[in-house]
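A.B. asks: based on what follows, work out the 3D shape:
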Amino acid sequence: MIGERIRRLRVELGLSQKQLAGTEMTRAFISLVESGKSVPSPRNLQVIAQRLGQPVDYLVGGNQDDDAVLQAATMLESAGRDLTAGTESDLVLAERKLHQALKLAARLERDDLLASGHRLLMTCLRRQKKYEALLEVCDRAVETLKVRGDRKGLAETYAEMAHAAYLLEEYPNARRAYEKAVLFSSTLKSMQEFRVSALRYLASCLLHLGDRQGAIARYEEAYREGVSLNAPVLIASVSMGLGWALFRSGDLEGAIDWTRRSLAQYKRAESRNEVLAQHNLAVIQMARGHWEEGFLLLQSCFQTYGSYGRRLKQASVLEELARYWVHKGDLDSAEECCWQALDLLNMEDDGILRGRIFRFLGKLYASRQRWDLAHNYLHLSAELLRRLKAADELSISLGELSALPFHRPQLAQQTGD
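C.D. replies: Numbers count the residues shown, from 1 in each chain. From the prediction side, this is the model:
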């Protein structure tokens, strides 16, 4: 085996593991190689061979398994270079190489190669936005990492899984994966910032699922754990999330306080995410009755989001502008905002936001006594939000649907199941 030959030659030459590692590798890595628990990349194998005064072929020794190990390692290294290049064709090529390398690693029962291959493949699939395939790879990676007892790898993989489920709007699955990411990072000092970030995402997920108090508790936990870290943008995002959760719970004063804190933190960090806190502040101010202040903030946010190419956030601003125009009694302008938002969502979708826009249109048509259209859009909203398991938003849409004079009770009951 490669590791055995390396160890024998090193001992014969009187080299320590640290001396063999040099600056290119670590002593711990050489130890893993010699024990057969890891395999050097072709580049590192060349460095090791030079230091041992032997050709690479001698270290490999013509053993079929060693040849296969080297082949798998070579494919992984090549796929890594493709990922660095990052073009669409490079990503497709990297994916093919990684699948081949993983097949070899599975046949050889090399957990180290499997772990490296899964990690690269997850990156490759994420960049291609192949989230369903990414979830499958995460499942396989978890099994390998459990065998290796790799808590850090498990935490990172569960976070990857959670993000993919979140983007697929599978919020219950996302919640479970975020909870495991938080759990596996809890005892690792090197992952404190990661854990705070995972708590923040978990809180956001709970808010989508209608668990407001659970979301507030997680945001507060993230803030307590994060204040000692040198991560101002992360703490700003946690503060903003807590403000939004308080707003959704009806605590407007708490919401305005935490959102202003977030805005100040983003400004100190000179972060472009300042616009996110500004957006939330506008919504909260309108809820407090400060309509004109909120309107001016929203207009500014819409322009800033446009300069960043963030269509989903522009659609969200349009939803709030529609509320402003309803308050002013201009239903035509409110309806136009809804249709502009749906046009943006046709380019980059967000199911829950689309469900809210459908609900808004349903309410607009109800106010104009256009009952068939009102029923259709509220029904679309409820069906979409039910599929996404967005319990809080679903209950609102069902309430609006049940209030229609020509409402069909059996339809609402079916929608809520």
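A.B. asks: any stretches of the stretch 51-200 of the chain with poor pLDDT?
C.D. replies: Residue ranges of the stretch 51-200 of the chain with pLDDT under 70: 61-66.
A.B. asks: ok, how many other residues are close to the nearest residue to Leu364 once chain neighbours are set aside?
C.D. replies: In space, and not counting its chain neighbours, Leu364 is closest to Glu335: 5.6 Å by Cβ to Cβ, 6 or more residues apart in numbering. Where C-beta positions appear, they are placed from N, C-alpha and C, glycine not excepted. Residues within reach of Glu335, counting by other Cβ atoms under 10 Å, total 18.
A.B. asks: and the strand or helix carrying Glu335, what does it pack against?
C.D. replies: Using DSSP states H and E, Glu335 sits in helix 331-345. Secondary-structure packing of helix 331-345 (3 or more Cβ pairs under 8 Å, 6 or more residues apart in numbering; DSSP states H and E): helix 311-328, helix 351-367.
A.B. asks: show me the helices in the stretch 51-200 of the chain, by range?
C.D. replies: Secondary structure of the stretch 51-200 of the chain, counting by DSSP state H, counting those that start in this stretch: helices at 56-60, 64-85, 88-108, 111-127, 131-148, 151-167, 171-185, 192-208.
A.B. asks: contact partners of stretch 389-406?
C.D. replies: By Cβ atoms under 8 Å, 6 or more residues apart in numbering, the residues outside stretch 389-406 that reach it are 171-172, 207-210, 212, 248, 352, 355-356, 358-359, 362-363, 366, 371-372, 374-375, 378-379, 381-382, 385-386, 407, 409, 411-412, 415-416.
A.B. asks: now Gly294. Its backbone dihedrals?
C.D. replies: phi -60, psi -40 (degrees, to the nearest 10).
A.B. asks: now do the same contact list for Leu52.
C.D. replies: For Leu52, the contacting residues are Ile6, Leu9, Arg10, Leu13, Leu15, Leu20, Leu59, by Cβ under 8 Å, 6+ apart.
A.B. asks: measure it to Leu373 for me?
C.D. replies: 79 Å (Cβ to Cβ, to the nearest Å).
A.B. asks: and the closest residue to His208 other than its chain neighbours, how far is that from Phe29?
C.D. replies: Excluding the flanking residues, the one nearest His208 by Cβ to Cβ, 6+ apart is Tyr171, at 4.9 Å. Using Cβ to Cβ, Tyr171 is found at 40 Å from Phe29.
A.B. asks: ok, those two, which is more surrounded?
C.D. replies: Between Tyr171 and Phe29, counted using other Cβ under 10 Å, the more crowded position is Tyr171 (23 against 17).
A.B. asks: so what's that one up against?
C.D. replies: By Cβ under 8 Å, 6+ apart, the contact set of Tyr171 is Ala165, Cys205, His208, Leu209, Leu388, Lys389, Ala390.
A.B. asks: if we go to 10 Å?
C.D. replies: Residues near Tyr171 by Cβ atoms under 10 Å, 6 or more residues apart in numbering: 162, 165, 204-210, 352, 388-391.
A.B. asks: quick one: Val196 and Val238 touch, right?
C.D. replies: Yes - Val196 is in contact with Val238 according to Cβ atoms under 10 Å; the separation is 6.9 Å.
A.B. asks: so for those two, which residue has more residues nearby?
C.D. replies: Legend: neighbour count by other Cβ under 10 Å for Val196 and Val238, higher for Val238 (29 against 24).
A.B. asks: you'd agree the more buried one is up against Glu193?
C.D. replies: No - in this structure, Val238 is not within contact of Glu193 by Cβ under 10 Å, at 11.3 Å.
A.B. asks: common neighbours of the two, please.
C.D. replies: Glu225, Gly226, Ala231.
A.B. asks: how about the second one: what's its closest non-neighbour residue?
C.D. replies: What it means is Gly226. Val196 (4.1 Å).
A.B. asks: the last one now?
C.D. replies: Beyond its immediate neighbours in the sequence, the residue positioned closest to Ala231 (Cβ to Cβ, 6+ apart) is Glu193, lying 5.4 Å away.
A.B. asks: now do Cys337
C.D. replies: Ala322 (3.9 Å).
A.B. asks: now swap in Glu348 and tell me
C.D. replies: For Glu348, ignoring the flanking residues on the chain, the nearest one in space by Cβ to Cβ, 6+ apart is Arg311 at 4.6 Å.
A.B. asks: state the distance from that neighbour to Tyr305.
C.D. replies: 8 Å.
A.B. asks: one more: Met1?
C.D. replies: 57 Å.
A.B. asks: for the residue sitting nearest the centre point of the chain, give me its contacts.
C.D. replies: Centroid check for the chain by Cα atoms, centre = their mean gives His163 as the closest residue, at 3.0 Å. His163 sits next to Arg126, Tyr131, Leu134, Cys138, Ala174, Ala177, Tyr178, Ala181, Tyr201 when contact means Cβ under 10 Å, 6+ apart.
A.B. asks: re earlier: my guess is the residue nearest to Glu348 meets Leu342, correct?
C.D. replies: No - taking contacts as Cβ under 10 Å, Arg311 lies outside contact range of Leu342: 11.5 Å.
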